[in-house]
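1. this one's sequence-less:
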């Protein structure tokens, strides 16, 4: 039974365009609003998210946006960027 399931999944993947596969990967790696606070500083998660987005932009013939996303991914990996504070927390702190 496992082999037939694997064959069906492979056939479905083969039916998708490269762009559709990249978009599916980006969707999978995008940090959801529910996970934002937990993962906003997770360098692997943030770099993965930005790299997948870069691939989508590249496949959509938008190399400038792809490069920006790759630079963001690199920044997460080399620790040259960090997550900004949450806007809602920042505004509450400034109200005090």
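-> Alright, I've got the coordinates. Just so you know, these numbers come straight off a predicted model, no measurement behind them.
2. Now residue 77: closest residue in space, sequence neighbours ignored.
-> Leaving aside its chain neighbours, residue 77 sits nearest to residue 47 (5.0 Å; criterion: CB to CB, 6 or more residues apart in numbering). The C-beta positions use only the backbone N, C-alpha and C, and glycine is treated the same way.
3. pretty sure the one you found is in contact with residue 73, am I right?
-> Yes: the pair residue 47 and residue 73 passes the contact test of CB atoms under 8 Å, sitting 4.4 Å apart.
4. Per-residue pLDDT of the residue nearest the centre of the chain, please?
-> With distances taken as CA atoms, centre = their mean, the chain has residue 49 as the residue nearest its mean C-alpha position (1.7 Å). Reading off the per-residue confidence, residue 49 sits at a pLDDT of 97.
5. so how far is the helix or strand where it lies off the chain centroid?
-> Assigned by DSSP states H and E, residue 49 falls within helix 43-59. Centroid separation for helix 43-59 versus its chain: 5 Å, with CA atoms, centre = their mean, to the nearest Å.
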